[in-house]
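Undergrad: need a 3D model of the following:
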Amino acid sequence: MIANKREKTFRTIVSFSTTTDAMAMEDYCTAHDVAGRFIPLPSVVSAGCGMCWSAPPEAEKAVRAAAAAAGITPEGIYQLLL
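TA: Next up, the predicted model:
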């Protein structure tokens, strides 16, 4: 029997150069109800930190604003099919 596979969807992925920045982003987004969650960095992205913030594509503007408000400079922001 074949296990059900999760359907892939586009996600906004925010990568960070340090784990400290990634954790600060998680704290800020959680405290301010910004959509998304902390996940391991997908292997297709190379970054200094192995974690990232994953959000729905429609939340990209809010995620960018949250990073700026928290004083965090993302290493990269990507749209990926995960």
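Undergrad: what residue lies at the spatial centre of this protein?
TA: W53 (1.9 Å; CA atoms, centre = their mean).
Undergrad: so that residue sits in a strand?
TA: Yes: per DSSP: H, G, I helix; E, B strand; the rest coil, W53 lies within a strand segment.
Undergrad: from memory it sits against R37, does it?
TA: Yes: taking contacts as CB atoms under 8 Å, W53 lies within contact range of R37: 7.5 Å. The C-beta positions use only the backbone N, C-alpha and C, and glycine is treated the same way.
Undergrad: circling back: check which helix or strand the nearest residue to the residue nearest to the centre of the chain once chain neighbours are set aside maps to.
TA: What sits nearest to W53 in space, not counting adjacent residues and going by CB to CB, 6 or more residues apart in numbering, is V14, at 4.2 Å. Using DSSP states H and E, V14 sits in strand 10-15.
Undergrad: mean confidence score for that strand?
TA: Average pLDDT, strand 10-15: 97.
Undergrad: contacting residues around that strand?
TA: 25, 36, 41-42, 45, 47, 49, 52-57, 59-60, 63, 67, 74-82 (CB atoms under 8 Å, 6 or more residues apart in numbering).
Undergrad: need the buried ones from these selected in ChimeraX.
TA: With 16 or more other CB atoms under 10 Å as the criterion, this ChimeraX line picks the buried residues out of these:
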select :25,36,41,42,47,49,52,53,54,55,59,60,63,67,74,75,77,80
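Undergrad: and after the strand or helix carrying A22, which helix or strand comes next?
TA: For A22, the element it lies in under DSSP H and E is helix 19-31. Of the helices and strands lying after helix 19-31 in sequence (DSSP H and E), the nearest is strand 37-40.
Undergrad: quick one: that next one to chain centroid distance?
TA: Offset of strand 37-40 from its chain centre (CA atoms, centre = their mean, to the nearest Å): 6 Å.
Undergrad: buried residues, it. List them.
TA: Buried residues in strand 37-40 (16+ other CB under 10 Å): none.
Undergrad: repeat for stretch 12-31
TA: So stretch 12-31, judged by 16+ other CB under 10 Å, has buried residues 12-16, 21-22, 24-26, 28-29.
Undergrad: so where's this structure shaky on pLDDT?
TA: 1-3 (pLDDT under 70).
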